[in-house]
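Asks: Output the structure for:
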Amino acid sequence: MATNDMERLAETLNAVIDGRFSKKEKNQAISTTFFFFVDAQDKEMCKKQLKFLKDSAKAEEYEFDRAMFRMLVDHSATEDDVEIIKEKLDALKNVKGNHSSQIGIMEYMLGVHYSDNGNKHEAKRYLRDARLHLKDTPYHSKIKKML
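Replies: Residues are numbered from 1 along each chain as shown. As a prediction, this is how the structure comes out:
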């Protein structure tokens with residue numbers, strides 16, 4: 001997403017968060033846009049969204065989003081964060097349907113985490129799987145560079 005688009009998205013989201021919208025509407029706006037801000041590495045906007053989600057979202061959603069932020073933006077993931085992502089990944093692999101991109105993103109997250117922590121073997125394992133699941137997406141080339 002282009003810088004101008006991200007700036008407009010941030011402005012719109014701030015207006016929703018600070019505006020007279022219901023908690024449910026704010027939650028929906030944040031849930032819909034959180035990944036864009038993670039992908040853009042916008043630490044401050046992610047923190048603002050997480051702060052709101054902590055008080056208003058389901059615990060499971062908040063924990064997942066916090067783990068994503070810690071793995072992909074802050075690079076401070078804990079073992080609890082890793083377990084949250086692994087559990088969600090395992091559960092998703094057992095659900096019928098095409099969840100390839102969701103699976104790939106979680107594998108990418110784990111690959112980044114292990115790469116950040118110097119565990120090249122685990123990083124490569126997860127990144128190879130992610131590359132297959134994220135074929136024809138912008139992440140495919142990112143992962144290729146990491147491998």
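
Asks: mind checking the end-to-end distance for stretch 90-107?
Replies: Start and end residues of stretch 90-107 are separated by 11 Å (CA to CA, to the nearest Å).

Asks: which strands and helices sit next to the strand or helix carrying Leu53?
Replies: Counting by DSSP states H and E, the element that carries Leu53 is helix 43-56. Helices and strands touching helix 43-56, by 3 or more CB pairs under 8 Å, 6 or more residues apart in numbering; DSSP states H and E, are helix 3-18, helix 23-39, helix 59-69. Heads up, the C-betas are built off the backbone N, CA and C, glycines and all.

Asks: Can you give me the pLDDT of Leu53?
Replies: Per-residue pLDDT puts Leu53 at 88.

Asks: so who does the residue nearest to it when sequence neighbours are not counted touch?
Replies: Excluding the flanking residues, the one nearest Leu53 by CB to CB, 6 or more residues apart in numbering is Tyr62, at 4.7 Å. Contact partners of Tyr62, counting by CB atoms under 8 Å, 6 or more residues apart in numbering, are 50, 53-54.

Asks: and what of Lys54?
Replies: Taking CB under 8 Å, 6+ apart, we find Lys54 in contact with Tyr62.

Asks: and the closest residue to Phe37 other than its chain neighbours, how many residues sit next to it?
Replies: Leaving aside its chain neighbours, Phe37 sits nearest to Met45 (4.4 Å; criterion: CB to CB, 6+ apart). Each residue near Met45 was counted by other CB atoms under 10 Å, and the total is 21.

Asks: likewise Ser76?
Replies: Around Ser76 there are 11 residues (other CB under 10 Å).

Asks: and what of Glu122?
Replies: Glu122: 16 surrounding residues under other CB under 10 Å.

Asks: Ala123 now?
Replies: 20.

Asks: which SS state does it fall under?
Replies: Of the three states, Ala123 takes helix under DSSP: H, G, I helix; E, B strand; the rest coil.

Asks: do Asn98 as well
Replies: With three-state DSSP as the criterion, Asn98 reads coil.

Asks: Backbone dihedrals for it, please?
Replies: For Asn98, the backbone dihedrals (degrees, to the nearest 10) come out as phi -90, psi 100.

Asks: Fine, thanks again, bye for now.
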